[in-house]
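**Q** have a look; sequence and predicted model below, questions after that.
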Amino acid sequence: MSDRIDELFDRYVAAFRAGEPNPKRFIAELDGADREVLIALIDSFLDSAPSREWNAEGFAGSRADLASDSIAVSLEGRSGRWPELLPRLRRENEIRRNEVTDRLARELGATDQAEAEKVRQYYHDMEHGNLPAAGVSEQVIEALASILRTSKETILGAGRALGPRVGFEKGPVFARSLSESEFEVALEEDAEPPSRIGPKPDRIDRLFNDLERS
């Protein structure tokens, strides 16, 4: 990781602790892969940062901007509009992502830390547009709807918004959802994300993927 990324991250952390949570001015100083690394660092920091007095305006400029404007852009439509919807619902309900995943793991009956961690990883994929929406079970959708205080239909509808594997050549609505620079990056990043499913899919894998569920 470059010294420049370290410097900007340290400056953001200091600004956050001083009551200025909006990271945009720090992110704007980088581009390309370095920008994505900084965004990921800030996103991780915001997940673990100590709770502060709620500031809707400040939070909207921090987690929301990161999630919906940058790292959570659904490049290929795998997750429909979940990368926009799920962070927005968290913001509206004043709940952090790690709180969502902890509660989701409990709702899905995770029996140990390994299963809970896998739930966390799959939810991360949902917010970042890396998990095909069509493969996520109704049990997961219903649990998220309860946690995020919305309807099952709202989450299902957002997952269908772009459809599975929408290509750029046939996705004009999707293209309008990206800025010109993001669209150019998306064209260069058309690789399938690595699967989290091992040689022997377990119960959690079946809940989040289009596998034979038993």
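**A** Received the coordinates, thanks. Numbers count the residues shown, from 1 in each chain.

**Q** pLDDT weak spots in the chain?
**A** 1, 44, 47-77, 161-195, 212-214 (pLDDT under 70).

**Q** pull out the buried residues from the helix or strand residue 153 falls within.
**A** Using DSSP states H and E, residue 153 falls within helix 152-159. Residues 155, 156, 158, 159 are the ones in helix 152-159 that count as buried (16 or more other C-beta atoms under 10 Å). All C-beta atoms are positioned from the backbone trio N, CA, C, and that covers glycine.

**Q** show me the two of the residues you listed that sit farthest apart.
**A** 156 and 158 (7.4 Å; C-beta to C-beta).

**Q** on that earlier part again, residue 6: which of the buried residues of helix 152-159 is nearest?
**A** residue 158 (36.1 Å).

**Q** OK, contacts around that closest one?
**A** Residues near residue 158 by C-beta atoms under 8 Å, 6 or more residues apart in numbering: 80, 81, 82, 84, 85.

**Q** residue 113: which of those residues is nearest?
**A** Nearest member of the contacts of residue 158 to residue 113, counting by C-beta to C-beta, is residue 82, at 25.3 Å.

**Q** which element is the closest residue to that closest one other than its chain neighbours on?
**A** Residue nearest to residue 82 in three dimensions, not counting chain neighbours: residue 126, with 5.2 Å by C-beta to C-beta, 6 or more residues apart in numbering. If you go by DSSP H and E, residue 126 is part of helix 113-127.

**Q** just the CA coordinates for the helix or strand following that helix, please, in PDB.
**A** For helix 113-127, the succeeding helix or strand toward the C-terminus, using DSSP H and E, is helix 138-147. Coordinates of each C-alpha in helix 138-147 appear next as PDB, following Å, rounded to 0.1, in the frame of the first residue of the first chain:
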ATOM      1  CA  GLU A 138     -36.400 -16.200   0.600                       C
ATOM      2  CA  GLN A 139     -35.300 -16.900   4.100                       C
ATOM      3  CA  VAL A 140     -32.400 -14.400   3.700                       C
ATOM      4  CA  ILE A 141     -34.700 -11.800   2.100                       C
ATOM      5  CA  GLU A 142     -37.300 -12.100   4.800                       C
ATOM      6  CA  ALA A 143     -34.700 -11.800   7.600                       C
ATOM      7  CA  LEU A 144     -33.200  -8.700   6.000                       C
ATOM      8  CA  ALA A 145     -36.600  -7.200   5.500                       C
ATOM      9  CA  SER A 146     -37.200  -7.500   9.200                       C
ATOM     10  CA  ILE A 147     -33.800  -6.200  10.200                       C
END
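
**Q** having no further points to raise, I will conclude here.
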